[in-house]
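> I'd like to go over a predicted model; first the sequence, then the structure.
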There are 2 protein chains.
Amino acid sequence: MTRPTSRDVATAAGVSQATVSLVLGDKWPGRVSERTAALVRETAARLGYRPNLAARNLRLGSTRTALLVVPALTNEFFARVYTGAARVAAEHGFGVVLYPSPDGTGPARDPFASARAALDGVIASSMAAHALHAIGGDTLPLVMLDSDPRAGAAAAHVNLAMADGMRQITEHLLALGHRRFLHLASAVDSWTFHTRAEALTTLLGPGTELRTVRSPLTVDGARTAMEASLAAPEGRPTAIVCDDDILAAGACKAARRLGLRVPEDLSVTGFDDLALATAVEPELTTVHLPAERVGEQGMTALLAVLEGTPWTAPDIPVTLVTRDSTGPAPTP
Amino acid sequence: MTRPTSRDVATAAGVSQATVSLVLGDKWPGRVSERTAALVRETAARLGYRPNLAARNLRLGSTRTALLVVPALTNEFFARVYTGAARVAAEHGFGVVLYPSPDGTGPARDPFASARAALDGVIASSMAAHALHAIGGDTLPLVMLDSDPRAGAAAAHVNLAMADGMRQITEHLLALGHRRFLHLASAVDSWTFHTRAEALTTLLGPGTELRTVRSPLTVDGARTAMEASLAAPEGRPTAIVCDDDILAAGACKAARRLGLRVPEDLSVTGFDDLALATAVEPELTTVHLPAERVGEQGMTALLAVLEGTPWTAPDIPVTLVTRDSTGPAPTP
DNA sequence: CAGCCGGGGTAATACGTATAACTTGACGCG
DNA sequence: CGCGTCAAGTTATACGTATTACCCCGGCTG
């Protein structure tokens, strides 16, 4: 009552195992007569034959499987990255297996063991460089998502035009008359944070103020942090630039609790354009990040690298979506 | 410049390949002297040896890998199910690979091919019975999540106490004086929906009204559906029972657009207790579903089944979380 | 009619591992 | 001293597949 092998199909069809493989491989047209090919196919279907992937992988020396390393799948952004990567992978007969969170909370230490599968390559998102070794990035073809392009270990980089997104935000807010800004960033230190912070500092010209607050990446964490920062009326910022829609939602809640109206008294912007951005009220002005495309390009890059083609592409463009959480700066 | 094999380690250490396997397998204490064991381990580390998982899987006839079938990973609920399953799996040296969405939008047709790995078992969530065959549930040990316990194909079931959740909601709302209800359900037909709908119908005694509306599982879809249903003042429900927090958020938005206050004019309840539930304002009264525990129990059940132990457990309890979206029924 | 070619199939092999079965000294004991 | 026992390795094999190299035979050509 064990699973049938290609040899079982062969004997049942009265041919050799090689013939079965030839037919089912579908790779050598004309190698087998149409008559026997049909017979083999019919027999295989009848027995419910499924090729043993472990054996095939061993024989071929490749598993057509990529490892995607993400901080947390419960973050909609990364779930969408996975979706995009998985779609492109499937189109090329590849699979994607996940390794959530190398920052400590992940399920296992060794992603190789955790993946339980030989890997052809790695796509790693927002990861500290020191984790690369554990991941095996030194051994396997590696594509980095949203990381420092100068980091040498990676075979290819896929980046979003974060700085340009920040430019669109600041231009929008400056045009609305805002001068006192607060940058609400995630507590985890990543290249993404540095890029955005640097862009923001550069873009805000003289005559402006900028404070930075960091908070855990949760609505409640952001609310708590902002309630503390917005309590005192003197010098209160009029615009809060958040690194994530989740933080922006928290900031809006804090404002409401303090009796501040959004956007009349306080403008708030987000990043990512998650489902959350249009679920809350007011709907968030935010930078739309095409997460699926990040996954798609990541996988495309990996496929190119695996074929030996060096891969490079311009940053993925991002666009500001103006909604209801931003408005003219209040006149004092 | 290819990856070293166990044989490479063996020759480098001056022992046989079997010895390497014996040492690294760590399974036969006293089989190899401590001296040579140390030598082998040191050599393996020096060469950067990693066992070829494909070969090991082939040899062992098991991949220690489970397939998790979920509708969409972008739904936080399922992302959390995955997280729970992956953690338990990792504790037992198992891996979890995903097959998102058999309802059509998934990356590939054949989950086996898509997984690119031989599988030891399947954990399937909210799936139509007809998809079972394609999944290979007839071939592999199968654990079903939130599905009809009477469905025979599954080796084990893991269910949430949905009916009890509905009971808690209705008792809460009835106590608040509500009599005219609207059940806002997802458009996809699942066992979960039927269970909840049936429970709701049963629990609402005489002297109550119940309407049912179905909508796509998005905030905007729910908002649109509700704007239509709430437009006419006559016979308007006072309580909206939603099958999902996402729908509840949409209902709240619809209410606000129509000038109705939540909870003063309209009470709204959700299901799941996603991050969204506390991100929106008012915070949602909702039934907390321990999603991670669903994943954990699913994996635990699969492990039991793989060991030949029949597995069974009571429904996972759920609890109503009372927040700000429900209040006393308005007096006409 | 000999030689050659190509269509259609088969036998053999290697991928890298885990383990069962066997070997070889050394040693204790009757 | 002979034999069983045991520790510490080694040899051999099988897992299921894809592919290479080979074989057989009928038909065509010179």
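Received it, and whenever you're ready, just let me know what you need. Since this is a predicted model, take the numbers as computed values, not measurements.

> now what about stretch A:185-194, what contacts it?
A:71, A:103, A:126, A:128, A:146-148, A:162, A:196-197, A:212-217, A:242-244, A:247 (CB atoms under 8 Å, 6 or more residues apart in numbering or on different chains). In this view, the C-beta of every residue, glycine as well, is placed from N, C-alpha and C.

> Filter those residues down to just the ones in helices.
A:Met162, A:Arg196, A:Ala197, A:Leu247 (DSSP state H).

> Could you find the closest non-adjacent residue to the first one?
Nearest-residue entry for A:Met162: A:Thr195, 5.0 Å, with adjacent residues in sequence omitted and distances by CB to CB, 6 or more residues apart in numbering or on different chains.

> so what's the closest residue to DNA strand C within the stretch 151-300 of chain A up against?
Nearest to DNA strand C in the stretch 151-300 of chain A, going by CB to the nearest atom of the strand, is A:Ala155, at a distance of 21.9 Å. The contact partners of A:Ala155, taken as CB under 8 Å, 6+ apart, are A:Pro141, A:Leu142, A:Val143, A:Ala301, A:Val305, A:Trp311.

> how far away is it from chain B?
Going from A:Ala155 to chain B by CB to the nearest CB, to the nearest Å gives 15 Å.

> So the residue lying closest to that residue once chain neighbours are set aside: helix, strand or coil?
Spatial nearest neighbour of A:Ala155, excluding adjacent residues (CB to CB, 6+ apart): A:Val305 at 4.5 Å. Recorded secondary structure, A:Val305: helix (DSSP: H, G, I helix; E, B strand; the rest coil).

> just checking, A:Val305 touches A:Pro141?
Yes: taking contacts as CB atoms under 8 Å, A:Val305 lies within contact range of A:Pro141: 4.7 Å.

> Pull up the overlap in contacts between those two.
A:Gly121, A:Ala155.

> thought A:Ala66 was touching A:Ala90?
No: at 11.4 Å, A:Ala66 does not count as touching A:Ala90 under the criterion of CB under 8 Å.

> Between those two, point out the one with more neighbours.
Neighbour count, other CB atoms under 10 Å in any protein chain shown: between A:Ala66 and A:Ala90, A:Ala66 has more, with 28 against 20.

> State the helix or strand in which that one lies.
strand A:65-70 (DSSP states H and E).

> Check A:Ile123 too.
strand A:121-125.

> That strand near chain B anywhere?
No: looking at strand A:121-125 against chain B by CB under 8 Å from any CB of the partner chain, there are no contacts, and the closest approach is 12.6 Å.

> could you give the mean pLDDT of that strand?
Across strand A:121-125, the average pLDDT comes to 88.

> quick one: contacts of it?
A:66-71, A:78, A:81, A:85, A:131-132, A:135-137, A:140-147, A:298-299, A:302, A:305-306.

> one more time with 7 Å
With contacts defined as CB atoms under 7 Å, 6 or more residues apart in numbering or on different chains, strand A:121-125 is touched by A:66-70, A:78, A:81, A:85, A:135-137, A:140-146, A:298-299, A:302, A:305-306.

> now the strands for the stretch 1-150 of chain A?
A:65-70, A:95-100, A:121-125, A:142-145 (DSSP state E, counting those that start in this stretch).

> How about the secondary structure of A:Pro282?
Assignment for A:Pro282 (three-state DSSP): coil.

> need the contact list for the residue lying closest to it once chain neighbours are set aside.
Among residues not flanking A:Pro282 along the chain, A:Asp324 sits closest, at 3.6 Å (CB to CB, 6+ apart). Counting by CB under 7 Å, 6+ apart, A:Asp324 touches A:Pro263, A:Pro282, A:Glu283.

> With A:Ala12 instead?
A:Ala12 makes contact with A:Thr43, A:Leu47, according to CB under 7 Å, 6+ apart.

> quick one: it from A:Ala44, how far?
Counting by CB to CB, to the nearest Å, the gap from A:Ala12 to A:Ala44 is 9 Å.

> Same check on A:Thr218?
52 Å.

> who's more crowded, those two?
More crowded of A:Thr218 and A:Ala44, by other CB under 10 Å: A:Ala44, with 22 against 18.

> and that one, what does it touch?
Applying CB under 7 Å, 6+ apart, we find A:Ala44 in contact with A:Val9, A:Leu24.

> Touching, A:Val305 and A:Trp311? I think so.
Yes: judged on CB atoms under 7 Å, A:Val305 makes contact with A:Trp311 at a distance of 5.8 Å.

> Between the two, which contacts overlap?
A:Ala156.

> can you state the direction angle for the helix or strand harbouring A:His194 and strand A:121-125?
Here A:His194, judged by DSSP H and E, is contained in helix A:191-203. In terms of direction (axes from the mean of the first three to the mean of the last three CA atoms, to 10 degrees), helix A:191-203 departs from strand A:121-125 by 40 degrees.

> Quick check: buried residues in helix A:191-203?
The neighbour-count check on helix A:191-203 (16 or more other CB atoms under 10 Å in any protein chain shown) flags A:Trp191, A:Thr192, A:Phe193, A:Thr195, A:Arg196, A:Ala197, A:Ala199, A:Leu200, A:Leu203 as buried.

> For chain B, tell me whether the strand or helix carrying A:Ile240 is touching it.
A:Ile240 belongs to strand A:239-242 when assigned by DSSP H and E. No: against chain B, strand A:239-242 shows no contacts by CB under 7 Å from any CB of the partner chain, the least distance being 12.9 Å.

> Next: stretch A:90-98.
Yes: Stretch A:90-98 is in contact with chain B by CB under 7 Å from any CB, via A:Ala90, A:Phe94, A:Gly95, A:Val97, A:Leu98.

> and the stretch 1-150 of chain A, which residues reach DNA strand C?
A:14-19, A:22, A:30-33, A:35-36, A:55, A:58-59, A:61 (CB under 7 Å from any atom of the strand).
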